[in-house]
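*Asks:* Structure for this input, please:
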Amino acid sequence: MPHSVNTLPRLIAHRGLSAHAPENTLAAVRAAHEAGINWVELDVQLLGDGTPVIWHDATVQRCSDQRGRLADLDLPGARKLDAGRWFSDTFRGEPMPTLRDMLALIEELNMGLNLELKVNPGRSSAALVDGVVPTLLDALPTERLLLSSFNDAALARARAVAPAERLAIGVLFEGIDRDWQVRCETVNASSVIADWTRLNQRSAQQVCERGYQLVCYTANDPAAFAHQWEWGVESVISDDPASFIGYLPSA
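*Replies:* Next up, the predicted model:
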């Protein structure tokens, strides 16, 4: 039976409050905090020089004013990006945050973090874990931290670095398939993080009956999601989590 070392909140802000601020930025995390959301989900990967940064894509064009691969950038180059203007002029000049920048803000705001190890094609899962996990463990207490990934090799290496009593791991799924429990047991995970649109009641109940925290991503329609709370879902990751407040279960 898995044992959780943290208590997850009902609502987690996806890439920060990404409905109202540019995703994976310091501004998005501050916006989540101001909206009363105490946990955020963020993505981490490495620049070409090995610096961990908070970023989702393998390239920079979708969420910045420049083009190119993240793997070709070093930190001075990354500092030149504007990661906010694409969202609105209000966020013009918002930087791409390093992991250390982001962890300092999360600690200052006393927030919790679900950090996804984003292993994009051609990148090393081992290098990512080695560049991220020690810094993460130094920065945040166990009860305010959940590490997740779709990449089993990354999760296995993370577990080798940190025991279950120090680091909670969540395994990410698109659909919960037959080998879901094997994947979780291999890394001594405490959470299953599933696509809410592909979740069914039977799978949800299996996850919960076997003692795992069930988290759903990325839900932005609280009315359509409402019945899934009854299946045992513990937390929802949403671009606009405050919209769920009137739809939360009473217990």
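
*Asks:* Where does pLDDT dip in this structure?
*Replies:* 251 (pLDDT under 70).

*Asks:* Return the set of residues that bridge with the residue nearest the centre of it.
*Replies:* Centrality entry for the chain: nearest residue to the mean C-alpha point is Glu41, 3.2 Å, by Cα atoms, centre = their mean. Counting by DSSP bridges, Glu41 forms beta bridges with His14, Asn114.

*Asks:* give me every residue that touches it.
*Replies:* Going by Cβ atoms under 8 Å, 6 or more residues apart in numbering, Glu41 touches Ile12, Ala13, His14, Arg15, Leu113, Asn114, Leu115, Glu116, Tyr217, Ile237. No exception for glycine: its C-beta is placed from N, CA and C like everyone else's.

*Asks:* again, 10 Å this time
*Replies:* By Cβ atoms under 10 Å, 6 or more residues apart in numbering, the residues touching Glu41 are 12-16, 18, 24, 32, 112-116, 146, 148, 170, 193, 215, 217-218, 235, 237-238.

*Asks:* How about Leu140?
*Replies:* Leu103, Ile106, Glu107, Met111, Gly112, Leu113, Leu115, Leu167.

*Asks:* what's the neighbour count on Leu145?
*Replies:* Leu145: 22 surrounding residues under other Cβ atoms under 10 Å.

*Asks:* how near is it to Gly36?
*Replies:* According to Cβ to Cβ, to the nearest Å, Leu145 stands 20 Å off from Gly36.

*Asks:* what do you get for Leu140?
*Replies:* Taken as Cβ to Cβ, the span from Leu140 to Gly36 is 20 Å.

*Asks:* what do you get for Asp43?
*Replies:* Distance from Asp43 to Gly36, by Cβ to Cβ: 23 Å.

*Asks:* same deal with Glu234?
*Replies:* In terms of Cβ to Cβ, Glu234 sits 19 Å off from Gly36.

*Asks:* Compare the two (neighbour count), which wins?
*Replies:* Neighbour count, other Cβ under 10 Å: between Glu234 and Gly36, Glu234 has more, with 19 against 10.

*Asks:* thinking that one is in contact with Leu214, fair?
*Replies:* Yes. Between Glu234 and Leu214 a contact is recorded at 5.6 Å, counting by Cβ atoms under 10 Å.

*Asks:* where do the contact lists of these two overlap?
*Replies:* Counting by Cβ under 10 Å, 6+ apart, the residues touching both Glu234 and Leu214 are Leu8, Ser191, Val192, Val207, Cys208.

*Asks:* Where does the closest residue to Asp152 other than its chain neighbours sit, in terms of helix or strand?
*Replies:* Spatial nearest neighbour of Asp152, excluding adjacent residues (Cβ to Cβ, 6 or more residues apart in numbering): Arg183 at 6.3 Å. Following DSSP states H and E, one finds Arg183 within helix 180-186.

*Asks:* Show me what that helix packs onto, helices and strands only.
*Replies:* If contacts are counted by 3 or more Cβ pairs under 10 Å, 6 or more residues apart in numbering; DSSP states H and E, helix 180-186 sits against helix 152-161, strand 168-173, strand 191-195, helix 201-209.

*Asks:* quick one, the shortest one and helix 201-209 angle?
*Replies:* Read that as strand 191-195. 160 degrees (axes from the mean of the first three to the mean of the last three Cα atoms, to 10 degrees).

*Asks:* Alright, calling it a day.
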